[in-house]
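Engineer: only geometry, no sequence info:
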């Protein structure tokens with residue numbers, strides 16, 4: 001199989017994503033055209049992990065463009081291409097002649113894929129760093145879209161879908177992921193002259209893509225802490241009170257109206273700090289009772305498994321912190337250790353369980369161990385929320401009404 005590693009990773013990443021990430025929120029999925037060639041233009045906040053996140057949550061086949069110098073050696077080239085990765089050379093990745101030849105070859109592959117109505121993902125900033133703000137977009141995405149359209153003599157029905165990728169936190173610290181897709185831009189509607197070079201269109205389209213993605217990324221330059229808080233309010237508004245351990249949730253009401261940095265959201269944030277509670281307590285999704293019940297119900301077998309997992313995870317994280325100095329790659333390696341730890345634990349549990357004499361008992365123990373382990377991970381995250389929930393429940397009606405009123409005003413002022 002040509003893409004054997006792609007299918008292997010797609011099959012195996014489901015459980016680790018549910019263990020390592022707390023929750024995923026998706027909005028704007030209706031903007032992605034079906035049965036048409038699509039070029040996703042996305043920001044690049046967290047290196048290799050970004051492509052994995054989009055590939056996993058899009059639920060469709062996507063080819064991702066990555067730095068071309070990684071494809072130099074035959075073994076690396078075969079492995080990377082088996083994951084549906086395509087090389088794109090920046091000016092600093094290779095000599096001008098090598099980069100030009102490599103990119104022309106990649107463009108040939110891309111055009112062939114677009115003719116088959118495939119989707120390609122490109123990170124339009126051209127660089128990656130673990131931070132939330134959007135860096136200046138390069139012209140490569142716009143130039144590629146125009147080149148593809150011209151190669152198809154104006155008949156290629158190519159659409160560009162801007163995408164904002166948000167992490168609530170980095171270092172794989174059980175954060176929330178928020179993917180927001182803008183309305184598709186139909187390349188045929190850009191007024192491209194097939195007989196001209198269209199150089200003026202490239203910076204215009206680049207600027208448009210930059211604006212669309214920036215509107216869907218949660219941090220503003222004014223007050224990053226307050227912007228993060230506003231993201232939390234918006235995502236909490238979309239959070240279901242009861243969630244089965246981990247589930248992607250539609251967040252159609254989130255983007256692009258967050259990051260208003262208003263006086264109302266600041267006042268609400270200050271009130272929460274004053275009363276030492278969380279927005280989730282006020283909103284009503286304060287505690288994941290399903291996870292708490294599963295953890296307590298299965299604690300005899302799941303707690304030891306959870307502690308072993310945490311030991312593996314802690315050891316792997318300490319190793320990465322010591323050995324990996326470049327912050328660009330840390331989250332990807334953290335995630336790799338998380339995948340290894342998760343499946344190592346699962347393998348140990350299954351081997352032990354299926355060596356028991358009763359097969360039914362083996363199934364029961366395995367189920368309790370694995371679901372219980374994931375439940376304990378959520379309970380550990382939820383513990384501070386539980387303490388704040390108890391404090392919130394002790395408030396009188398006047399205090400609760402004050403907080404709920406401040407929350408309504410904060411939600412009303414968020415940009416729509």
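Structural biologist: It's in. Source: prediction; values computed, not measured. Numbers count the residues shown, from 1 in each chain.

Engineer: Okay, now the unreliable bits of this structure?
Structural biologist: Applying pLDDT under 70 to the chain flags the ranges 1-22, 91-94, 171-174, 219-222, 239-261, 286-287, 327-329, 353-354, 356-359, 415-416.

Engineer: That one - how does it break down into domains?
Structural biologist: The record's domain parsing of the chain by automatic domain parsing lists 4-214, 260-416.

Engineer: Columns distance to residue 231 and mean neighbour count on top of these, output as JSON lines?
Structural biologist: Bear in mind the C-beta positions are built from the backbone N, C-alpha and C, glycine included. As requested, these are exported to JSON lines (distance: least, CB to CB, whole Å; neighbours: other CB atoms under 10 Å):
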{"stretch": "domain 4-214", "distance to residue 231": "7", "mean neighbour count": "18"}
{"stretch": "domain 260-416", "distance to residue 231": "10", "mean neighbour count": "16"}
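
Engineer: Residue 394 and residue 41, how far apart?
Structural biologist: When distance is defined by CB to CB, to the nearest Å, residue 394 is 49 Å away from residue 41.

Engineer: OK, contacts around residue 166?
Structural biologist: By CB atoms under 8 Å, 6 or more residues apart in numbering, the contact list for residue 166 reads 45, 132, 177, 178, 179, 180, 216, 217, 218, 231.

Engineer: In strands, which of those appear?
Structural biologist: With DSSP state E as the criterion, strands contain 177, 178, 179, 180 from among the contacts of residue 166.

Engineer: Which two among those residues are spaced furthest apart?
Structural biologist: In terms of CB to CB, those reach their longest pairwise distance at 177 and 180, which sit 10.8 Å apart.

Engineer: nearest to residue 24, of the contacts of residue 166?
Structural biologist: residue 177 (4.6 Å).

Engineer: what's the nearest residue to that closest one if we skip its chain neighbours?
Structural biologist: Nearest residue to residue 177, sequence neighbours excluded (CB to CB, 6 or more residues apart in numbering): residue 24, at 4.6 Å.

Engineer: For that neighbour, name its beta-bridge partners.
Structural biologist: residue 177, residue 248 (DSSP bridges).

Engineer: and the gap between it and residue 375?
Structural biologist: Relative to residue 375, and taking CB to CB, residue 24 is found at 18 Å.

Engineer: Repeat that for residue 291.
Structural biologist: 4 Å.

Engineer: Same check on residue 98?
Structural biologist: In terms of CB to CB, residue 98 sits 52 Å off from residue 375.

Engineer: Which strands border the strand ranked longest in the chain, and is each parallel or antiparallel?
Structural biologist: For the chain, the longest strand by residue count, based on DSSP E, is strand 159-167. If you go by DSSP bridges, strand 159-167 pairs up with strand 38-42 (parallel), strand 176-181 (antiparallel), strand 185-186 (antiparallel).

Engineer: Helices of the stretch 201-350 of the chain, start to end?
Structural biologist: Under the criterion DSSP state H, counting those that start in this stretch, helices of the stretch 201-350 of the chain are mapped to 201-214, 224-238, 263-275, 279-283, 289-297, 299-323, 327-353.

Engineer: So which residues make contact with stretch 300-312?
Structural biologist: In this structure, residues lying in contact with stretch 300-312 by CB under 8 Å, 6+ apart are 294-295, 337, 340-342, 344-345, 348-349, 365, 368-373, 375-377.

Engineer: distance of the nearest residue to residue 100 once chain neighbours are set aside from residue 77?
Structural biologist: With CB to CB, 6+ apart as the criterion, residue 100 has its nearest non-adjacent residue at 8.0 Å, and that residue is residue 89. Residue 89 sits at a distance of 14 Å from residue 77 (criterion: CB to CB).

Engineer: Can you tell me the SS state at residue 355?
Structural biologist: Of the three states, residue 355 takes coil under DSSP: H, G, I helix; E, B strand; the rest coil.

Engineer: that older thread, let's have the helices of the stretch 201-350 of the chain in TSV, adding distance to residue 155.
Structural biologist: Converted to TSV, the helices of the stretch 201-350 of the chain look like this (distance: least, CB to CB, whole Å):
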stretch	distance to residue 155
helix 201-214	18
helix 224-238	40
helix 263-275	48
helix 279-283	50
helix 289-297	52
helix 299-323	49
helix 327-353	39
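
Engineer: Which one, of these, ends up nearest to residue 54?
Structural biologist: With CB to CB as the criterion, residue 54 lies closest to helix 201-214 of the helices of the stretch 201-350 of the chain, at 13.0 Å.

Engineer: for that closest one, packing partners?
Structural biologist: In terms of contacts (3 or more CB pairs under 8 Å, 6 or more residues apart in numbering; DSSP states H and E), helix 201-214 is packed against strand 38-42, helix 140-151, strand 159-167, strand 185-186.
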